[in-house]
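[1] give the three-dimensional model of this entry:
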Amino acid sequence: MRYRVILCVALVYLTSCKEEIPRRSFENPTFIAKGVFVTNEGNFQWGNASVTYYDFADSVANATDLFAQKNNRPLGDICQSMYIYNGKAYLVLNNSSKIEVADAGSFVSLATISGLGSPRYFLPVSSYKAYVTDLYANSVQVVDLQQNKVVKQIPLRGWTEELLLYQGRVYVTNLRTNYLYLINPQTDVLEDSILMGMPSASLAIDKNNQLWALCSQVLTQSASSKLVCLSTDGKSINKTIDLGTDAGKILRSSPSGEYLYYIKTHVYRIGISDNTAPANPFIYKSGSQNFYSLGVEPISGAVFVSDAADYIQRGKVSCYSSNGVFQYMFNSGIIPGNFWFN
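    Residues are numbered from 1 along each chain as shown. Predicted structure coming up:
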């Protein structure tokens, strides 16, 4: 869930009359050479979260809710993120307080993980265990992947956000404290923290195996932002780059690990050897585009940017080459927020 201004009922009514996006049947994406899943948050408390799949092979997007299409029931309220692991798609539903588990090839439901507060991101840390961050729980949830249930909590104060397994530790960002946290995935114990100077939101690894964090005061207006590069031991700060204000909370790396991408109205790219923020955008938004999230295809380096439009009508996703040249655009669901490349 994002904090957004609630638009008037009249606008909702008018935009609901827009032409429907053409539908396409969904077949086994795990057996297709290449494609991308887009998780669409949907509108808060409307229960209209969805998942779009775009097939690189035939250049067609399925803008139907894949989950509802296969299971004859809605996915839920606010699809925050998605993770595919061992042939299963884990769909994190923030405001529905659950994770839907589906077969990644057919999207047929396999299980529902309940007992969550307001889950954000999911990360497998072993073949039998995963961690889930949360907006309100003041803890990271530990999920048994065989039983599909929460089995314990790791106390961790604040709004925990993205997390990453790095050098044998799970690094956890937090939007309400100035620390980046380190959990031992063997013992499920919070072992250490790094003072970042402001809340951390998103993580990426570069070609030198260094961990980067996008830090931002995203819960305040005109939020100050910075990039922090950790030393190779992952326990101290190597350098900090001031990004100015409002650099969002999404950080992604190129396949080579030479560049990092973030959104600050437009999309910016910064080299890992740079010491100052880029002066000009890498990808300019145009007209009424509302750049909301981004993903980088892990082989070609193509950059996918979502356009949330007015947060009411269905959004769009634009693909740009690794050089920033526009390639194509496709329709998605309402508020396209995260990407998973197949």
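[2] from now on I want contacts and neighbour counts done on CA atoms only, so please keep to that.
    Fine.
[3] so where's the protein shaky on pLDDT?
    Within the chain, the stretches with pLDDT under 70 are 1-33, 63-64.
[4] please repeat the previous calculation with a cut-off of 50.
    1-33 (pLDDT under 50).
[5] the helices in it, which residues?
    Secondary structure of the chain by DSSP state H: the helices cover 9-15, 66-71.
[6] the stretch 101-250 of the chain: strands as residue ranges?
    Using DSSP state E, counting those that start in this stretch, the strands found in the stretch 101-250 of the chain span residues 109-113, 119-124, 129-134, 139-144, 149-155, 160-166, 169-174, 179-184, 189-195, 200-205, 211-216, 224-230, 237-245.
[7] run through the neighbouring helices and strands of the first one.
    Here strand 109-113 is seen to pack against helix 66-71, strand 98-103 when contacts are counted using 3 or more Cα pairs under 8 Å, 6 or more residues apart in numbering; DSSP states H and E.
[8] make a markdown table from the ones you listed and add mean neighbour count and distance to Lys316 to it.
    As requested, these are exported to a markdown table (neighbours: other Cα atoms under 10 Å; distance: least, Cα to Cα, whole Å):
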| stretch | mean neighbour count | distance to Lys316 |
| --- | --- | --- |
| helix 66-71 | 18 | 17 |
| strand 98-103 | 23 | 24 |
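[9] and those as TSV, adding distance to Ser236?
    Formatted as TSV, the helices and strands packed on strand 109-113 follow (distance: least, Cα to Cα, whole Å):
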stretch	distance to Ser236
helix 66-71	42
strand 98-103	34
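[10] and Val303, which of those is closest to it?
    When these are compared by Cα to Cα, helix 66-71 sits nearest Val303, at 23.2 Å.
[11] what packs against the closest one?
    Helix 66-71 packs on strand 50-55, strand 109-113, going by 3+ Cα pairs under 8 Å, 6+ apart.
[12] and the longest one, what does it pack against?
    Using 3+ Cα pairs under 8 Å, 6+ apart as the contact definition, the elements that strand 50-55 packs against are strand 35-40, strand 60-62, helix 66-71, strand 326-334.
[13] parallel or antiparallel, list what pairs with that strand.
    In the sheet, strand 50-55 lines up against strand 35-40 (antiparallel), strand 60-62 (antiparallel) (DSSP bridges).
[14] put the alpha carbons of that strand into PDB.
    The C-alpha coordinates for strand 50-55 follow below in PDB (Å, rounded to 0.1, in the frame of the first residue of the first chain):
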ATOM      1  CA  SER A  50      -3.900  -8.300 -10.000                       C
ATOM      2  CA  VAL A  51      -1.000  -9.800 -11.900                       C
ATOM      3  CA  THR A  52      -0.100  -9.100 -15.500                       C
ATOM      4  CA  TYR A  53       2.100 -11.300 -17.600                       C
ATOM      5  CA  TYR A  54       3.900 -10.000 -20.700                       C
ATOM      6  CA  ASP A  55       5.300 -12.700 -23.100                       C
END
